[in-house]
Each structure stands twice: as C-alpha cells, then as structure tokens.
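K.L.:
I would like the atomic coordinates for the input below:
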Amino acid sequence: MATRRRVRARVEGTVQGVGFRPFVHRLAGAHRLAGWVGNDERGVVLEVEGEPAAVALFVERLADEAPPLARVERVATEELPARGDEGFSIVASESRGRPDALVSSDSATCADCLRELFDPSDRRHRYPFINCTNCGPRFTIVRGVPYDRPLTTMADFEMCAACRSEYDDPDDRRFHAQPNACARCGPTLRLGDARGEEALFAAGAALRDGRILAVKGLGGYHLACDASDERAVAALRSRKHREDKPFALMAPDLEAARSLVELSGAEHELLEGRERPIVIARRRPGAVVAESVAPSSADLGVMLAYSPLHHLLLHEAGRTLVMTSANLSDEPIAYEDEDALDRLAGIADGFLLHDRPIHMRTDDSVVRSVRSRPAPLMLRRSRGYVPEGLVLPVEAERPLLACGAELKSTFCVARGRRAWVSHHIGDLENWETLSSFRSGVEHFERLFAVAPAVVAHDLHPDYLSTKYALEREGVEHVGVQHHHAHLAACLAEHAEAGAVVGAIYDGTGYGPDGTIWGGELLVGGLEGFERAGSLWPVRLPGGAAAIREPWRMACAWLVAAGEEEPVMPPTLAGAVDTTRWRQVAELARTGAASPQTTSMGRLFDAVSALCGVRATVNYEGQAATELEALADPGERAGYPLPLLSDGTLDARPTVRAILADVAAGVEVAEVSARFHNAVAAATAEACAAAARRGGLDTAVLSGGVFQNRLLLDSTVDRLAETGLRVLVPERLPPNDGGISFGQAAVAAARLPSVS
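P.N.:
Now for the predicted structure:
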C-alpha cells in the first residue's frame, strides 16, 4: 500500500449550523480522502486519511474556503496512525463535556433561497419559512448546544419525506439545516381565520388599506404600516406613545432604499450584508415617506427585508413599510404570542402570526457609516451580530458575568479568553425589562456553560443591573467605574490592555467622588485609570428633570459662565415659563437639588436649547441629534474652548460666545458647526497633552456622545494631526451597549489580584 497519512483536526469557532460538515464531506471527496466528521460540544471534529499531499491541502482549505456563515477561529491538528479506511461519513453529534461550540447569529435569506421563494416551479414557492445552511434563524431558535434540531424551537415540527431527504443528503445545501421545513411539514402563517397564502394576501391588503399590523418575525414582533401613509403612521405613533423618536423603515430592495436615503458604497454593503441592520443615512430630498416617520430628523433608518416572510409581505404590500419594534415605549419587544396579543391589542389592527416559537427575543441592530473609519459605527448590536463571541486580551481565570449599566442595557458572560456580549435588552428601568435581562442571563449562562464565580457591575448603587449583580450569592463582586468600562471595552475589542489616553463623553456616569461624570479624560488601561481632566463642572438643576428638559442645562451653563441672574434667551421664549426659568437659575446658583456634573452630553443639550433647537426632549439624545443634523459641514471656524493647566476643558467661554452669536442672529447651522469644531479641537488638544505627559501614543474615543458622526469624524481628523493612534469602538457600540464587555475585561485583568 502506498504511504498514507491520517490526521485528526478540531475546528473551533462558529462552525455548527452553518453547513460546515457537508463542506468537509465535499472537500474530503474532492481530495479522495477517507474518514469522518461530526459535531461535539466544542465545535467540529474530524479525521481524514489519504495521500499526504492531499491531506495537507485539505487542512489548508478548511479555514480558507469555509461556508459563508462559518467563522473559523482555530484549526488544531494531530497525527494519527493510518488505518486504511475507505469512504468518508458524517457521524452523529456527541456532547460529553462542557459546551464550547459557538452559536451562529440569525442570517438574512440567501440568494439561492430567495430564487426558490419566487420560483413558481419550486416546491417552496412563497413559503415564508424557507431557509438552508447558509441563511435563516439560528440564535433566536436555539435552546442549547450542540446546535441540532431537538435543541431548537423546530423540535416539534417533524420533517416530511422530501425535507428529510434533503436533510440527510451531504450534497444538498439543506443537509442538517436545523430549521428545514416546507409548507407540508413546517410552521404556518395565520391572520385571523386566514391561513398560509390567504393570510399573506389579507396582510398585504390590510397594509395597503392603511391598517397597522403586528408581525411576528425572527426575534420578536414588529409593528408595520405603509410608510407613505401619514394617517397610518401618525396613528401608530399615537398608539405606541412614541412622540418623536424616528421609526425604522423596511424597503423591498436596494433601489427602493436608494429612493429614500443617500447611500455611500459602505452603506450599500451594510444594507445588503447578511446581518441586515437598520442603517442610519441622510434623508434624500423628496423622499416619499410620511412626515410622522421621522419628525425633525435629517436622517432615516432603513433596512432591507431579511426573512422570507418580510420579502413576501413587502411584495404583497407593494411599498416600503414602517417596521418598528412591537412594544409600548420603554418596554421590551414582544416575542411570545400570548404576551403580544395582550400588550399590542391597543396598537395593532391585526396580527400576522406563525407557530414557530421564538426562544430569545432580539431587536434589529442599528449602524451608521463614518467617514473617518473603515468600520461602521455600531449603535445597537443585536440581531445578525449576536451571539458572535469576542476575545478578551487577558484571560478570565474564573468564569464571570458582567451586568452592564442601565440605558441600552447588555450583559456579558466570559470564561478563559472568550466573551459573549448579549443582544440589546433596552433601558433597564422597569420590571418588564429586568425580567428580560434575567432570562437572557440565564440563557447565556446555559448556552455557553458559564457558571459565574465573579460578577462585575457599575458603581451606581441605584441601577437595577447593579442591584441584580449584588443579589447574586456565592460570587465575588467587582465594581467597575462607568467611564473606565467604556475605555476598557474599546481597548479590549482592539486586543489592547496597556495604558492609553481616553476621551470618554456621555450623558451620565457615577463618579468615584459621588458626582455625575460624563466629560472625562482618562489615562489608564484595563486594570485601572486616573482622571487626567474633565469638562468644567456645572449643576444639574432638578436632577433627572434636567435630562428631560435641556433648557435647564442652558440656564445652568449661563450661571456657570458668570451670569448670576441669567436672562432667558429669546430662542427659549414661549417654550419656557419665565418664573420657572428664575427658579431653575436659583437651583443652579445655590446647588439645591442640583448635583454637580461634568457631562458632555448635557453641554450638547444646553447648546441645543440656547439655539432654540430643542427645549425639551422625548427620547435620549434627541437634542444633540437634532443639533448635529443642522450643522453646516462647510463651516471651519470654532468657538474658544480653553484647556486649563489641570486638564479641565473650560466651556464657559464657549457658552458666552454661542450666546453672543445667537443674540446677533447668526444661523443655527453656523453655531452648531462652530460648537462641534470647538469640542473636537479641544478634545484633540487635551488628549495630546495628556499623552505627552504620560509618554503614550494611543487615544481612545468612546461614550454615547461619540455616536455623533460629525464630532467623531472631526475629532479623529484632529487627533491624526497630533500623531496619536486612534481607537474607536467598532464591533460594539460606543454607548452603554458596550459597557458590559468593558466590565468583563476589567474584572478579568484584576482577577489574579482578587482573592
């Protein structure tokens, strides 16, 4: 017998439920190799035997030519004695130890399935749940690993003979596609008494007639209506109790999306990517959408259809649809049928349901492109991206849970060098969202076999996430300062651990000194930090009321700027009662019921109010978002924003200059641009000065304020001129959605010194 070589290979990463075993089967056949391949709790394991050169080429191609949804992290091989085997087989999955296989995220309908969906000769023609190993639901239906049908919500759907034949055929692209089904054996649509095709026809007619439908999707329910029908959109806004926050749109194809928003090449790629996020882009003049879709916004959030049901629904409706999360404001998205029928009864005119259960609710992800960076700016990381794992730059010696913050809540579980950040939970301010948080934690701990010995949390004692963390018994608790977690999250995703300078700007974070931080210049790494500077501190008159009413921050900044009894600017006349203005000025002057804050987010609020853009807000970040949208991109001048010797950014001269320009009738577009330029220039100067003092070469920009594309691009440009390397969040949001990963990284770095 000629010389033969036998190799055993373990493939780790996202390699289950993505067609990896049939890929291996075909690859082995192409090289005339014998052996076997199977799933286990860690990933894919295989053995191949044949001519040495063929075996070597096979191993090389394993990672290089993996299926589209696979993410190969590591291929480990060992030599075995040749046995003279013939033939290659796919063996049954085994699970003998701790689960370590990665679960794939849900993926948009692939081109092959889409062709079949609209092919009258195909047996799955117009079947709303068509899928294969290259697309379809994953995370939202999986209950455990290995990822096999009995551990998904498809367990109760027994495949018909035709589907079983595909499922068992290694040469078929539906080989072991766990959600595989057809109209004979799979999930079914219903709308009232209508079933299947009739339900689709009825749904399309209802949308064309201006009705609002609750639509059960992949990770939960959407509320849908005709995006061009002002009456329908206004009714949805009223019933949902969502005053101003823009609604997302779902377009049937790229051409329809292009008619609504101006798209760069990067935005094209984002829209058509398998993740299918909502992409925030500039509204095209004359876009045919109802005014109530995005009042006072220069942008629109658009996504393309990502499930076969969405494709069919858009086809039947014949128009772009509003497709927004199905909930009342501040509640988590509905995903269970009974709960949806109960909670959405006062909003939806009808319910388009199906009988495939959703195991884990998952909102749509939201991104926007930025000029200064190749990667998109992640605003909400959820469907399509979760539960893709992240690698910690330091090993977590004990399994841990990080509980995140309060707004845009996520959590993170980790062990060893691997971490999993959860889907977007929402603002953790009520029982319903806390319940969703708890169930999500339990699922991730089970799915990724993490039994936490360490629980990390924010320092704010009143956050529900902190209270949950401290209620966990038999664990070690690690408190992580809010802005340090922002810094650490960005460092960790870039595989960094050492010291950098970081400008961390957001709305609110609990400082170790008991004040409210939010405009921070930090120097440090994963293990610790020092405060190298901050925004000039001012009062937050009335506490949380100042977050909802930016005019209060305008008043507080005028007091800080030296006006003992500030006169209310004409831009606020009619929006604010003069008596209340005087009362708030007194609070700011005396400090009564007015904690101190260095919040950059609140400074943006103040400037927005001074310009007459937004005196009160209906959602977080509204004032700053609308101020950014009005800025003149051609304006190069900036206001004074001095850097003091102690690292303080003194915005008092900035506010005085803005007030003077507003009084002189300078256009808001110029004022906004000059303010953004001032903050960018001062931030770059402050980072460069701190870096020189510490002998550092890297700057981090993070925190929710850096969701502002104009500010981010301008600051990155100015930092580049200083010679500093710049890191910004890419795989995680700069807002509080990334906090939990930062907490996990800090806890992991501190573990060796934690007894």
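
K.L.:
can you give me the helices for the stretch 501-650 of the chain?
P.N.:
545-548, 550-560, 578-590, 600-610, 622-630 (DSSP state H, counting those that start in this stretch).

K.L.:
how about the longest one: buried residues?
P.N.:
The one in question is helix 578-590. By 16 or more other C-beta atoms under 10 Å, the buried positions in helix 578-590 come out as W581, V584, A585, L587, A588, R589. In this view, the C-beta of every residue, glycine as well, is placed from N, C-alpha and C.

K.L.:
and for stretch 463-481?
P.N.:
Buried, per 16+ other C-beta under 10 Å, within stretch 463-481: 463-466, 468-469, 472, 475-476, 478-481.

K.L.:
same thing with stretch 54-67?
P.N.:
Buried residues in stretch 54-67 (16+ other C-beta under 10 Å): A54, V55, F58, V59, L62, A66, P67.

K.L.:
now name the helix or strand holding E255.
P.N.:
E255 is located in helix 254-258, with elements delineated by DSSP states H and E.

K.L.:
how about the helix or strand that R10 is a member of as PDB, C-alpha atoms only?
P.N.:
Counting by DSSP H and E, the element that carries R10 is strand 5-14. Coordinates of each C-alpha in strand 5-14 appear next as PDB, following Å, rounded to 0.1, in the frame of the first residue of the first chain:
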ATOM      1  CA  ARG A   5      -1.300   9.900   6.300                       C
ATOM      2  CA  ARG A   6      -4.100  10.200   8.800                       C
ATOM      3  CA  VAL A   7      -4.800  13.500  10.700                       C
ATOM      4  CA  ARG A   8      -7.300  14.400  13.400                       C
ATOM      5  CA  ALA A   9      -8.500  18.000  13.300                       C
ATOM      6  CA  ARG A  10     -10.500  20.100  15.700                       C
ATOM      7  CA  VAL A  11     -12.100  23.200  14.200                       C
ATOM      8  CA  GLU A  12     -13.300  25.800  16.700                       C
ATOM      9  CA  GLY A  13     -15.400  28.900  16.100                       C
ATOM     10  CA  THR A  14     -18.900  29.400  14.600                       C
END
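
K.L.:
and it, which strands flank it?
P.N.:
strand 43-50 (antiparallel), strand 71-80 (antiparallel) (DSSP bridges).

K.L.:
buried set for that strand?
P.N.:
R5, R6, V7, A9, V11, E12, G13, T14.

K.L.:
now the residues you listed in TSV, with pLDDT and distance to R343?
P.N.:
Shown next, in TSV, are these (pLDDT from 0 to 100; distance: C-beta to C-beta, whole Å):
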residue	pLDDT	distance to R343
R5	95	61
R6	96	58
V7	96	55
A9	95	49
V11	93	43
E12	88	41
G13	85	38
T14	84	34
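
K.L.:
which one of the residues you listed sits closest to R32?
P.N.:
R5 (12.9 Å; C-beta to C-beta).

K.L.:
what helix or strand does G204 sit in?
P.N.:
Per DSSP H and E: helix 197-208 holds G204.

K.L.:
give me the next element, helix or strand, following that helix.
P.N.:
strand 213-216.

K.L.:
so who does L627 touch?
P.N.:
F604, V607, S608, C611, V613, R614, S672, F675 (C-beta atoms under 8 Å, 6 or more residues apart in numbering).

K.L.:
got it, and E620?
P.N.:
L407, G507, I547 are the contacts of E620 under C-beta under 8 Å, 6+ apart.

K.L.:
if I look at A317, how far off is H311?
P.N.:
According to C-beta to C-beta, to the nearest Å, A317 stands 11 Å off from H311.

K.L.:
pLDDT wise, what is A592 at?
P.N.:
At A592 the predicted local confidence, pLDDT, stands at 96.

K.L.:
cool, the one 3 residues further on as well?
P.N.:
In this model, P595 is scored at 97, pLDDT.

K.L.:
neighbours of it, just the number please.
P.N.:
As a burial measure, P595 scores 16 neighbours (other C-beta atoms under 10 Å).

K.L.:
got the CA coordinates for the helix holding E255 in CSV?
P.N.:
This file holds the C-alpha atoms of helix 254-258, laid out as CSV (Å, rounded to 0.1, in the frame of the first residue of the first chain):
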residue,chain,number,x,y,z
LEU,A,254,-31.8,48.5,-2.7
GLU,A,255,-33.4,50.6,-5.4
ALA,A,256,-36.3,51.4,-3.0
ALA,A,257,-33.9,52.2,-0.2
ARG,A,258,-31.9,54.5,-2.5
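
K.L.:
just after the longest strand seen in the chain, pick out the following helix or strand.
P.N.:
Criterion DSSP state E: the longest strand present in the chain is strand 390-402. Next helix or strand after strand 390-402 toward the C-terminus (DSSP H and E): strand 412-421.

K.L.:
what is the neighbour count of the closest residue to R283 other than its chain neighbours?
P.N.:
With C-beta to C-beta, 6 or more residues apart in numbering as the criterion, R283 has its nearest non-adjacent residue at 4.9 Å, and that residue is L300. Neighbours of L300 under the rule other C-beta under 10 Å: 25.

K.L.:
angle of the helix or strand hosting L300 against helix 622-630?
P.N.:
Assigned by DSSP H and E, L300 falls within strand 299-304. Strand 299-304 runs at 90 degrees relative to helix 622-630, counting by axes from the mean of the first three to the mean of the last three C-alpha atoms, to 10 degrees.

K.L.:
and strand 299-304, which strands flank it?
P.N.:
Strand 299-304 is paired, per DSSP bridges, with strand 248-251 (parallel), strand 278-282 (antiparallel).

K.L.:
check which helices and strands the helix or strand following that strand sits against.
P.N.:
Later in the chain than strand 299-304, the nearest helix or strand by DSSP H and E is helix 308-317. For helix 308-317, the packing partners by 3 or more C-beta pairs under 8 Å, 6 or more residues apart in numbering; DSSP states H and E come out as helix 111-117, helix 197-208, strand 248-251, strand 321-325.

K.L.:
just put those in JSON lines and tack on mean pLDDT.
P.N.:
JSON lines is the format used below for those (pLDDT from 0 to 100):
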{"stretch": "helix 111-117", "mean pLDDT": "98"}
{"stretch": "helix 197-208", "mean pLDDT": "98"}
{"stretch": "strand 248-251", "mean pLDDT": "98"}
{"stretch": "strand 321-325", "mean pLDDT": "97"}
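
K.L.:
any idea which of these gets closest to S422?
P.N.:
Here strand 321-325 is closest among the helices and strands packed on helix 308-317 (C-beta to C-beta), at 16.4 Å.

K.L.:
quick check: mean pLDDT of the helix or strand following that closest one?
P.N.:
Counting by DSSP H and E, the element after strand 321-325 in chain order, helix or strand, is helix 337-343. For helix 337-343, the mean pLDDT works out to 95.

K.L.:
helix 337-343: how far from the chain's middle?
P.N.:
Computed by C-alpha atoms, centre = their mean, to the nearest Å, the chain-centroid distance of helix 337-343 equals 25 Å.

K.L.:
let me see the mean pLDDT of the strand holding L300.
P.N.:
Rounded mean pLDDT across strand 299-304 is 98.
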